[in-house]
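[1] below is the sequence, then the predicted model.
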Amino acid sequence: MGDKEKLVHIYRTMLAEYGCQGWWPVISNKTLLCEYHAGAPRNKEEQFEICLGAILTQNTAWSNVQKALINLKRIGALSPEKILSLKKEKLLSAIRPCGYFNQKAKKLLEFSRFYISLSGRTPSRQELLSVWGIGKETADSMLLYACGMPIFVVDAYTRRIFSRLGLVKEKEEYENIRKFFEKNLRKDAKLCQEFHALIVEHAKRHCTKKPKCQGCPLSKFCKRN
DNA sequence: AACCAGGACGTGA
DNA sequence: TCACGTCATGGT
């Protein structure tokens, strides 16, 4: 079986096991509950919220990010203008639950300034990467989930799972792993969105740091067996 | 009670 | 380039 067939097979297996994840999660406008929308076109508010979440979730559990986003929503700060106008103390206390709050406050401010400068235009990957605090994974998450571009997001989970499966090297460069997936998958944003979400789910349920191989749906593909 | 979570940046070699 | 150190809260 070639890489292309393997990836599709792995994707279908995870989808059958975990179901459609419908990423990216956004806060509902009506309530403060977190609702999971399908990867349909987003309005501007949701797009911006997705970008904030992409920054806040850097090396951080999503449950903590959710608290920070809900705090920002409560004080009406889910827009770039409001974030820029907030007093520093307000911003810091709002995002405190998600950790690294000093760095992340600076990142949110830098990104808000950048976002306004776009005046509605979709940024290039290179432009995003030029913003302080936005690295490759964060940029790709924004492009995929906020802008709907067919880009494969590579994170620590992707590395862990697919190196254990024997399809990539553990320390392979980010760009090379991204190209491996993009070369072997349909150029389809919905597919990239769902695939990445399923990778996160699989990493949490089975392919944890200390792997829980009991009942792992991907064991038939895994070189550990 | 250590360990980990959907990284990025700065530094010294 | 590469290997580390730093940043920080909350759940298990």
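    Perfect, thanks for sending it. Numbers count the residues shown, from 1 in each chain, chains lettered A, B, ... in the order given.
[2] tell me, how many residues neighbour the residue in chain A positioned nearest to DNA strand C?
    Closest to DNA strand C within chain A is residue A:99: 2.7 Å, counting by C-beta to the nearest atom of the strand. Just so you know, the C-beta spots here come from the backbone N, C-alpha and C atoms, and that holds for glycine as well. Using other C-beta atoms under 10 Å, residue A:99 has 16 neighbouring residues.
[3] OK, contacts around it?
    A:60, A:64 (C-beta atoms under 8 Å, 6 or more residues apart in numbering).
[4] just how off-centre is the host helix or strand of residue A:69 within its chain?
    In this assignment (DSSP states H and E), residue A:69 forms part of helix A:62-74. Offset of helix A:62-74 from its chain centre (C-alpha atoms, centre = their mean, to the nearest Å): 15 Å.
[5] is DNA strand C contacted by it?
    Yes. Against DNA strand C, helix A:62-74 shows contacts by C-beta under 7 Å from any atom of the strand at A:63, A:64, A:67.
[6] in whichever helix or strand comes after that helix, which residues are buried?
    Next in sequence after helix A:62-74, counting helices and strands by DSSP H and E, comes helix A:80-85. Residues A:80, A:83 are the ones in helix A:80-85 that count as buried (16 or more other C-beta atoms under 10 Å).
[7] quick one: mean pLDDT for helix A:80-85?
    The pLDDT scores in helix A:80-85 average 98.
[8] beyond that helix, next helix or strand please.
    helix A:88-95.
[9] residue numbers of chain A in contact with DNA strand C?
    A:59-61, A:63-64, A:67, A:96-104, A:171, A:173.
[10] quick one: residue A:162 from residue A:1, how far?
    According to C-beta to C-beta, to the nearest Å, residue A:162 and residue A:1 sit 15 Å apart.
[11] give me the more crowded residue out of these two.
    A count of neighbours by other C-beta under 10 Å puts residue A:162 above the other of residue A:162 and residue A:1, at 24 against 9.
[12] let me see the contact set for that one.
    Residue A:162 touches A:168, A:177, counting by C-beta under 8 Å, 6+ apart.
[13] got a pLDDT number for it?
    What the model reports for residue A:162 is a pLDDT of 98.
[14] which one is the residue in chain A that DNA strand B sits nearest to nearest to, not counting chain neighbours?
    DNA strand B sits closest to residue A:135 of chain A, with a gap of 2.3 Å, by C-beta to the nearest atom of the strand. Closest residue in space to residue A:135, ignoring its immediate chain neighbours: residue A:129 at 7.2 Å, by C-beta to C-beta, 6 or more residues apart in numbering.
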